[in-house]
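Enquirer: below are the sequence and a predicted model for it; my questions follow.
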Amino acid sequence: MGSLWFSIRTGLLDMRGDLRRFLLLVVCLAVGTALISGVNSVGTSITRAIEVGAAEIMGGDIEISRADRLATPDEIAALDQLGDVVAVIDTNLRAETFESEAFADVSAVGGGYPLLGAVRSPQLTDGTDLATLLAPDDQDRHGALIDGIMLDQLGISVGDSFGLGGTEFIVRGTLQQLPDGPVRGFRLGMPTLISSDGFGVVSDRTSPLPGLGTWYRYKLVLDDRNLEAGLDAVVMALEGRGWTIRTARDSLGQMVRYYDLFMRFLVIVGLGSLLIGGVSVWTGMRAYIAERSGVIAVMRSIGAGRRRVFIHFFAQVAALALVGVVIGLVIGASTAWLILPFIGAAVGIPLAPAIYLEPLVIAAGTGLVTAFAFAYLPLQQAQTIRPVLLFRSKGLDAPPVDWPALLLSWQVLPLVVAILAFFGLAWLMTGDAALVAAFGLAAALGAGLFDLFIRLAQAVFRRLPEAGPRIWRHAVHAIAGAGQNATTVAISAGMALTMLVIVLVMQTNLQQEFLGASAFDAPTLVGSDLFPDEVEHLEGLAAEGNGFARFVSTPMLRGALVDVNGTPADQLVTRGPEATFLLAGEVPLTFRTNLPTTSRITAGAWWPSDYTGPGLVSLHQSLRNGLGVDLGDTLTFSIFGEEVTVTIASFRDYSWQGGIDFLATFSPGVIDNYPTTLFAAVTAAPGQEEAVGRFLATELPDIRFISVGDTLKQVTDALGQLSFAASLVGGLAVGNGLLVLIGSLATGRRQREADAVITKVLGATRLDLIATAGLQYLLLALLAAIPALILGLGLGRVVSELMLAVDFTIKLDIVLVVLAVAIAITAILGAMTIWRAVSTRPALLLRDL
């Protein structure tokens, strides 16, 4: 035991003069550990909050919903037998005063609401009952709680009256949050809470915008709180009746989904950062062992055994890894502790600042195991150094790994255990065995690919004719004869560059998912039921400027889906809210010549602009599964009492930033001759939103436009923060990859210095030596970048589509620019690695060789 501690102490003391050289190693490990510990801490907080308060988040143990009707008395009776039930009706209505109007996201709630959780409002803090605030006054004007922004839009205060769907209501207070906010998903309009009795007296319940319907939801709190048995009972009672049944654990809103995507992105980036951090450990330790080979030879000559050498350098690796991991844990845990309340506010789940031990332990274990696994081979190389090296050139390179001997001996077991431990910890961290397996397979194949590619390149360079400029010949000869050094640099640089490409691809795809392709085209004001002369007037105003950035009008009429492939609509079983809404009665329809900029085709094809053939229809992509239809199927609509049959030509998705779109869009010549009104969307120039609203109110007083810009801005801001965070983390990972790239240049430095000194003695100038080194590393970086680009784009597509479940897009210009910068950095810093040799008298360096 005494000799063990002596070896450890000697190893740590031996490292004192070389601490700066290991800075990159520590930073890379710290970044990867920080990302993993922070991500796991946030994920654990959200998971525990959901597990503990799932019912409170949704306002009930189970929720059933549909878009076409209220529950029947028999259905209500079946639910009453299982526990307490409360009804919630979600819809969109026009809110207005004499001076202004707003777009309201209305929740009409029954008695007893909320069964679980609480409505947040300043007017409810003194013990006032919610039912009292929503009750009618002596003039039969029902009460309402509305969002504070909507108060400003309408120019009213608490206690004033306003119109909602053509019926007068009284503002009894401001609404801060509904108990089931996280499970409501994206809702257009300002939150407004009224009673179901109040909703019953609303005179105009038609949504002022197309594509938005009314949803009837019922919250159920089970008597015995046995969720599994209760869910089975609800399914048996309502199965086949068109109800959507869900629990809080599978019904969290869209914002939570986006945060989940962001968390997956962080996990993948964290694993990748640890991987390239491990590459930094490998290259750093390999270069260090090579430079310390003379010291190791001295140790061996005075009696130090292989075990002593291993412990000597392992103590150094362990100390450095421990420092990097601890720094990463502190950064990750403190960052998670600080941002948890903000994330909770964004997703609507209360998340108090907290630090959990489990994710920190997993992150620490992953970081330490990574450091050991990548340092193990250089440590094995250190043990094979023999005293005879003292009589040869010192410190030019570490001896190669004897793979057959290593694989057939017990010495391979620690490496196998470390690799298994890494994947086990990664599985505990992600809970996704496929992700971990794919990650490991991709890393192994990537390293093999780069090794094979550089060996082939070296073989080609050896066969090139001795022609061309002297600098070119020397650079090619240096790569062809560099042996392990070129391979090490190419593998480490290639892995770092591959990680850069993958991160950039994921970052681009996440930003596309968060903000959409048309984030800057979001409408400010929308109006419906306009006539052609009014639209013509608006087009003229837009052409003159007047603060307009964009104006779009779309024909609109209403029709009911009555038949799908010969099956009456009332016999269909739908899945999903869009399909249920489409079968709920008359819904807004439109026809278009060109595909809107806010839409993209996911299956099939859009019709030509001059199409005049049989009737076609393009459906929202959710209806493919929701209605159980596919390309070529037929739909029959009833429009003004006449049946119109069309064939499905395509399915499309559209960006919600575009404001509103239609579930069903017809080709030209099908429904054009029916009476239509027009739907208009006005996008104001930045900073001109209020001015455009006032201008339209003055110029067209008979048209009531609805402001949707504020609502879209709230969601856009939240997703913009996520997008910025993705860019920040992506930039951090890119920076981490560049650090590894820089660190890899230390490999073979002493050999390059020796070559440079000898060449300088033979008459080469300083400029020739620097140019040769720069060209050598430029070629090596290019050789690494070619497979890195191909591999990175391929893996980026797999990760995006299969693991993140987002659409794959490429901003190739950004990827190429980052690669070009990385290649340039490699060439410049590679040239600078011999600066000491070219700026020092040769005799001083020759004594050390």
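Expert: Now that the structure is in, tell me what you want to look at. Please read all numbers here as calculations on a predicted model, not as lab measurements.

Enquirer: verify the stated contact: R558 with A584.
Expert: No - look at R558 against A584 with C-beta atoms under 8 Å: they stay out of range, at 11.8 Å. The way it works is simple: take the backbone N, C-alpha and C, and place the C-beta from them, glycine included.

Enquirer: could you point out where the stretch 101-250 of the chain is predicted with low confidence?
Expert: Scanning the stretch 101-250 of the chain for pLDDT under 70 picks out the ranges 126-127, 182-187, 208-212, 225, 239-241, 248-250.

Enquirer: how about 80 then?
Expert: 101, 125-128, 180-189, 204-213, 224-228, 230, 235, 237-242, 244, 246-250 (pLDDT under 80).

Enquirer: show me where it has strands.
Expert: For the stretch 101-250 of the chain, applying DSSP state E, counting those that start in this stretch gives strands covering 101-109, 142-146, 161-164, 167-174, 190-195, 215-222, 244-247.

Enquirer: before we move on, what about the stretch 601-750 of the chain?
Expert: Going by DSSP E, counting those that start in this stretch, the stretch 601-750 of the chain shows strands at 616-620, 634-639, 642-654, 664-666, 677-684, 706-707.

Enquirer: what angle separates the longest one from strand 634-639?
Expert: Angle of strand 642-654 versus strand 634-639, following axes from the mean of the first three to the mean of the last three C-alpha atoms, to 10 degrees, is 120 degrees.

Enquirer: show me how far the top strand by length along the chain is from its chain's centre.
Expert: For the chain, the longest strand by residue count, based on DSSP state E, is strand 548-564. Its chain's C-alpha centre and that of strand 548-564 lie 32 Å apart, by C-alpha atoms, centre = their mean, to the nearest Å.

Enquirer: same check on stretch 60-69?
Expert: Its chain's average C-alpha position is 30 Å from that of stretch 60-69, according to C-alpha atoms, centre = their mean.

Enquirer: do stretch 635-646 as well
Expert: Distance, stretch centre to chain centre, for stretch 635-646: 42 Å (C-alpha atoms, centre = their mean).

Enquirer: wait, which of the strands of the stretch 101-250 of the chain is closest to A457?
Expert: strand 244-247 (56.2 Å; C-beta to C-beta).

Enquirer: given the closest one, what are its sheet partners and their directions?
Expert: strand 62-66 (antiparallel) (DSSP bridges).

Enquirer: touching the partner strand from outside, list them.
Expert: 71, 79, 180, 183, 215-220, 222, 227, 230-231, 234, 238, 242-247, 251, 577, 580 (C-beta atoms under 8 Å, 6 or more residues apart in numbering).

Enquirer: where does this structure have its least confident helix or strand?
Expert: Ranking every helix and strand in the chain by mean pLDDT, DSSP states H and E puts helix 842-846 at the bottom, with a mean of 61.

Enquirer: separation between the nearest residue to S650 once chain neighbours are set aside and L631?
Expert: Once flanking residues are discounted, S650 sits nearest to G604: 3.2 Å by C-beta to C-beta, 6 or more residues apart in numbering. As judged by C-beta to C-beta, to the nearest Å, G604 and L631 stand 5 Å apart.

Enquirer: double-check S492 against V279; I have them as touching.
Expert: Yes - with contact defined as C-beta under 8 Å, S492 reaches V279; the gap is 4.8 Å.

Enquirer: and the longest helix along the chain, what's its mean pLDDT?
Expert: The longest helix of the chain (DSSP state H) is helix 306-347. Averaging pLDDT along helix 306-347 gives 81.

Enquirer: which elements pack onto that helix?
Expert: When contacts are defined as 3 or more C-beta pairs under 8 Å, 6 or more residues apart in numbering; DSSP states H and E, helix 306-347 sits against helix 2-14, helix 23-58, helix 254-291, helix 293-301, helix 357-383.

Enquirer: so which of the ones you listed gets nearest V476?
Expert: V476 lies closest, by C-beta to C-beta, to one member of the helices and strands packed on helix 306-347: helix 254-291, at 23.0 Å.

Enquirer: picking that back up, reformat the helices and strands packed on helix 306-347 as CSV; add distance to I810, mean pLDDT and mean neighbour count.
Expert: Formatted as CSV, these follow (distance: least, C-beta to C-beta, whole Å; pLDDT from 0 to 100; neighbours: other C-beta atoms under 10 Å):
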stretch, distance to I810, mean pLDDT, mean neighbour count
helix 2-14, 47, 73, 14
helix 23-58, 24, 75, 23
helix 254-291, 17, 70, 24
helix 293-301, 45, 76, 19
helix 357-383, 30, 84, 22
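
Enquirer: looking at the ones you listed, spot the one closest to R463.
Expert: Across the helices and strands packed on helix 306-347, closest to R463 is helix 254-291 (C-beta to C-beta), at 28.3 Å.

Enquirer: what bridges to H142?
Expert: Going by DSSP bridges, H142 is paired in beta bridges with F169.

Enquirer: can you pull the contacts of it?
Expert: So H142 contacts L134, A135, P136, F169, I170, I194, S195, D197, G198, V201 (C-beta under 8 Å, 6+ apart).

Enquirer: what do you get for H312?
Expert: Each residue near H312 by C-beta under 8 Å, 6+ apart is listed here: S7, T10, G11, D14, M299, A304.

Enquirer: swap in 10 Å and give it another go.
Expert: Residues in contact with H312 (C-beta atoms under 10 Å, 6 or more residues apart in numbering) are 6-12, 14-15, 292, 295-296, 299, 304, 379, 382.

Enquirer: against L29, how distant is it?
Expert: Noted for H312: a distance of 21 Å to L29, by C-beta to C-beta.

Enquirer: could you do G272 as well?
Expert: G272 sits 13 Å away from L29, taking C-beta to C-beta as the criterion.

Enquirer: same thing with L696?
Expert: Using C-beta to C-beta, L696 is found at 59 Å from L29.

Enquirer: and T370, by the same measure?
Expert: 7 Å.

Enquirer: swap in L538?
Expert: Between L538 and L29 the computed distance is 60 Å (C-beta to C-beta).
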